[in-house]
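Participant: have a look at this fold, sequence not included:
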């Protein structure tokens with residue numbers, strides 16, 4: 001029984017194309033919302049870098065904060081009202097989970113990162129979210145230590 005070299009070559013070519021398509025890397029993420037993207041953030045003196053990030057609705061993002069500064073920093077995710085409330089809590093005017101030194105102990109939405117250390121927060125974003133990440137150590141938020149999160 002003779003083999004048909006054209007049919008064999010065509011089948012081999014089709015398998016190769018399908019394999020390459022499955023392994024290919026393009027700009028469209030077909031698993032949006034099902035994976036976790038990592039964004040590295042540096043904390044320095046009284047600034048975050050970057051100070052603005054873009055995310056998609058339904059996307060889960062793991063923020064990794066590297067404190068490159070000489071002082072303690074915190075990172076709190078929330079809208080402007082939540083940022084104001086967290087600021088008040090940090091100044092002793094509210095009720096939140098605090099450690100022995102009066103810092104947020106890593107409750108929902110916030111972490112504290114010692115100089116030279118790293119901390120993480122993970123958040124899933126929704127359509128219409130208007131969120132910021134702010135540092136509420138004394139004077140930092142007022143000085144502009146915040147990250148604008150653009151959803152969409």
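Facilitator: Here it is on my side, so go on. Predicted model only: the values in this text are computed from it and were never measured.

Participant: helices of this protein, start to end?
Facilitator: All helices of the chain, identified by DSSP state H, fall at 5-23, 80-90.

Participant: comparing those helices by mean pLDDT, which bottoms out?
Facilitator: Among the helices of the chain, helix 5-23 has the lowest mean pLDDT, at a mean of 44.

Participant: report pLDDT for residue 92.
Facilitator: Reported pLDDT for residue 92: 83.

Participant: separation between it and residue 46?
Facilitator: Note on residue 92: its distance to residue 46, by C-beta to C-beta, to the nearest Å, is 21 Å. All C-beta atoms are positioned from the backbone trio N, CA, C, and that covers glycine.

Participant: those two: who's more crowded?
Facilitator: Between residue 92 and residue 46, counting by other C-beta atoms under 10 Å, residue 46 is the more crowded of the two (17 against 8).

Participant: what about the protein, any weak spots by pLDDT?
Facilitator: Within the chain, the ranges that satisfy pLDDT under 70 run 1-34, 93-108.

Participant: show me where it has strands.
Facilitator: Secondary structure of the chain by DSSP state E: the strands cover 36-44, 47-49, 52-55, 60-67, 73-78, 110-113, 118-124, 131-134, 146-151.

Participant: need these in CSV (columns: mean neighbour count).
Facilitator: Converted to CSV, the strands of the chain look like this (neighbours: other C-beta atoms under 10 Å):
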stretch, mean neighbour count
strand 36-44, 15
strand 47-49, 18
strand 52-55, 14
strand 60-67, 18
strand 73-78, 24
strand 110-113, 22
strand 118-124, 16
strand 131-134, 22
strand 146-151, 18
